[in-house]
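In: My questions concern the predicted model and sequence given below.
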Amino acid sequence: MGPLLLALALAVLAWVLVVGDLVRRHRPVWHWYLTGYPVTACRVLATWRKVTMLNDLAVSKRPPRGLLGDLMVKGDPLRPIAPRLSFPRATRLGLTVMVRLHAGQTPATYMKAADALVHAWKVHAVRVTSPERGLVLLTATATDPLQRPGLATAPAALLSALVGVLESGGAWVMDLRLVPHWLIAGATRSGKSTLLARLITQLAPQPVALVGIDCKGGMELGLFAGRLSALATCRREAVTVLSALAVDMRDRMQACRSAGVRSIWELPDRLRPVPVVVIVDEIAELYLSDGTREGKAEAEQCSTLLLRLAQLGAALGLHLVVAGQRVGSDLGPGVTALRAQLGGRICHRVNDPGTAEMTLGDLNKDAVAVAQSITAEERGVAVCTGQEGGWSRARSHLTPTEQAVTITQKYAATTPTLPALHGVVEVLEGDDR
């Protein structure tokens, strides 16, 4: 019976290992709840005291002293006291623990110890946030969900685009109704163009006018020209298009004023103008001057017009999505002023620290450091701002160029015609011919 029981035990073990591997590959969430979470939770509780001592998170209290006659009697030796830790709570891709800070402690000390927590708990990443004073929330992610991002789901809404997946496993949505203007930074082959293609394909079926400004001769946005209400391929054309949009903006103001409302979304459907999304690829080409008087004048005009659209366009249904490889203060004060109006920020891998700082520095210094750590192999990975003011790592869905072109051609017949751009489009088409 001994060899038979041994063989049976080995067969059961092999079956468990095979089933466990299948569950891990095809149902990673199930595998995490059944196996990963219990093991990681035990590891968190077992290593907490040691980790806090090694990373200056524990606090040593002064030993008590007693007086016996005329002699001072010392109490117990110093003993480090670790901060109180809640029981680890499982999430879909990791776990969270709440820590109560000692008096005088700040969340900054825990941010410095985040790497140590990653190694001690054997997880992919640990994010540190402070939901309220005196408390720190540690969010551990077991594995990198951006390595094999699944297709997340999100409710379809006007001016809303599902562009990828967040590090938490949730849907990465660019909602222009909530965050009207966006800045996207990224070096060559970082995933910036893929993100723009995804955004255009998501907006293409919607009753939205898309206007492209691509001063690289239209090499990028020209692929989607069939679905664009207008396309400017040089700075001179960009001035023409932006000037026409500024006129349209004044008309929208007049319509709102006449109806006694403060936004086009308060107008009746029959009176509401078509929302417009202006997509600018390579913002530096609009601000860099060739040194001539004409070039400087065009750059200043572009700067002024973009800033006016960003400042006044949100309530009027005019939205900006500005992208570029390099976004720095060396492009002029106009870029800094425009950046302040672009509430949505997305930073892919960049070639210089200044661009990451310009994109995310005024929001969160930790986000800048995470953006600078993105490697060349992580195409499509970016640091993005959230709707609640926080930030997260995310990855855009890969949308092949052929697929994006096919989708935009499919909806080319539904391209809205903007009266303010009617004459401009004829001029641009004449220049192309």
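Out: Received the coordinates, thanks.

In: Are we agreed that Thr143 is in a strand?
Out: No. Counting by DSSP: H, G, I helix; E, B strand; the rest coil, Thr143 falls outside a strand, being coil.

In: what about it, distance to Trp391?
Out: Distance of Thr143 to Trp391, given as CB to CB, to the nearest Å: 20 Å. Every residue, glycine included, has its C-beta placed from N, CA and C.

In: In terms of neighbours, single out the busier of the two.
Out: Trp391 (20 against 15; other CB atoms under 10 Å).

In: any idea of the pLDDT on that one?
Out: On pLDDT, Trp391 comes in at 85.

In: quick one: contacts for it?
Out: Applying CB atoms under 8 Å, 6 or more residues apart in numbering to Trp391 gives the contacts 360, 363-364, 366-367, 370, 383-385.

In: Now do the nearest residue to it once chain neighbours are set aside against Thr35, distance only.
Out: Nearest residue to Trp391, sequence neighbours excluded (CB to CB, 6 or more residues apart in numbering): Ala367, at 4.3 Å. Between Ala367 and Thr35 the computed distance is 32 Å (CB to CB).

In: Test of understanding: give the bridge partners of the residue nearest to the spatial centre of the chain.
Out: Residue closest to the average C-alpha location in the chain (CA atoms, centre = their mean): Cys384, at 1.6 Å. When assigned by DSSP bridges, Cys384 has beta-bridge partners Ile346, Ser392.

In: Distance-wise, check it relative to Ala185.
Out: Noted for Cys384: a distance of 11 Å to Ala185, by CB to CB.

In: shared neighbours of the two, anything?
Out: If you check Cys384 and Ala185 against CB under 8 Å, 6+ apart, the residues they both contact are 346-347.

In: before we move on, back to that, for the residue nearest to the centre of the chain, what are its contacts?
Out: By CB under 8 Å, 6+ apart, the contact set of Cys384 is 166, 172, 344-347, 391-394.

In: Pull the most distant pair out of those.
Out: Within the contacts of Cys384, Gly344 and Arg393 form the most distant pair, 15.6 Å apart (CB to CB).

In: so what's the closest residue to Ile374 other than its chain neighbours scoring on pLDDT?
Out: Nearest non-adjacent residue to Ile374, counting by CB to CB, 6+ apart: Arg349, 4.3 Å away. pLDDT for Arg349: 94.

In: Can we start the residue count at 51 from this point?
Out: Sure, I'll start numbering at 51, so the last one becomes Arg399.

In: what number of residues lie near Arg399?
Out: Neighbour count of Arg399, defined by other CB under 10 Å: 25.

In: so who does it touch?
Out: The neighbourhood of Arg399, defined by CB under 8 Å, 6+ apart, consists of 236-237, 240-241, 421, 424-426, 428, 431.

In: need these in a markdown table with pLDDT and distance to Cys352, can you?
Out: Compiled in a markdown table, the contacts of Arg399 are given as follows (pLDDT from 0 to 100; distance: CB to CB, whole Å):
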| residue | pLDDT | distance to Cys352 |
| --- | --- | --- |
| Gly236 | 93 | 21 |
| Ala237 | 92 | 23 |
| Ser240 | 92 | 24 |
| Gly241 | 90 | 26 |
| Ala421 | 89 | 26 |
| Ile424 | 90 | 29 |
| Thr425 | 88 | 34 |
| Ala426 | 88 | 31 |
| Glu428 | 86 | 32 |
| Val431 | 92 | 30 |
